[in-house]
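Quick one, fold the following:
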Amino acid sequence: MGKTVEILLVEDNPADARLVMEVFKDFKINNKLYHVKDGVEAMEYLQHSGEYADTSKPDLILLDLNLPRKDGREVLKEIKEDEELKCIPVVILTTSSAEDDVLKTYCNHANCYIIKPVDFDQFIKVIQSIESFWLTMVKLPS
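Down below sits the predicted model:
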């Protein structure tokens, strides 16, 4: 299979995080999925600080917007302003359908914006589509 794809999931909802992790686990792609629960942890992970000192840079970030401690909007802005991190594709995966959120995240260089479906089966299809597109079709930076 080639290089292992490393994915950072930034999600505070335990049920959504568990579902994403299960779908990725079931998919037959060589990947490693790491999960953090808020924006502060996300930035510590990405900057290799604290308990995340030995982490590697992810190839893809799945980022919720409505996070405790540090909002996903702030995390996206910090990622895209950082020379070391700005080339990592960021997929916004959120319940927010607010047009202002869509516009602001694209203005801050999000790579795509996906609204989480409420329906369980549709949520699984969305995650499978993310996998299919980002892990199969797209060439990610090394």
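
which other residues reach stretch 124-141?
With Cβ atoms under 8 Å, 6 or more residues apart in numbering as the test, stretch 124-141 has contacts from 5, 19-20, 23-24, 27, 29, 31, 59-60, 62, 87-89, 91, 93, 114, 116-117. Every residue, glycine included, has its C-beta placed from N, CA and C.

So which of these are in helices?
Among the contacts of stretch 124-141, DSSP state H puts 19-20, 23-24 in helices.

ranking those residues by neighbours, who comes first?
residue 20 (25 neighbours; other Cβ atoms under 10 Å).

Test for you: state the pLDDT assigned to the nearest residue to residue 46 once chain neighbours are set aside.
Among residues not flanking residue 46 along the chain, residue 85 sits closest, at 5.6 Å (Cβ to Cβ, 6 or more residues apart in numbering). At residue 85, the pLDDT value in this model is 96.

Does residue 85 touch residue 59 like I think?
No. Applying Cβ atoms under 8 Å, one finds residue 85 not in contact with residue 59, separated by 12.0 Å.

residues contacting residue 90?
61, 63, 76, 79-80, 109-111.

change it to 6 Å
Shown in contact with residue 90 (Cβ atoms under 6 Å, 6 or more residues apart in numbering): 61, 63, 76, 110-111.

just residue 80 next, same as before
Contacts of residue 80 by Cβ under 6 Å, 6+ apart are 86, 108-109.

List only buried entries from those.
Buried subset of the contacts of residue 80 (neighbour count, 16 or more other Cβ atoms under 10 Å): residue 108.

List only buried entries from the contacts of stretch 124-141.
Buried among the contacts of stretch 124-141 by 16+ other Cβ under 10 Å: 5, 19-20, 23-24, 27, 31, 59-60, 62, 88-89, 91, 93, 116.
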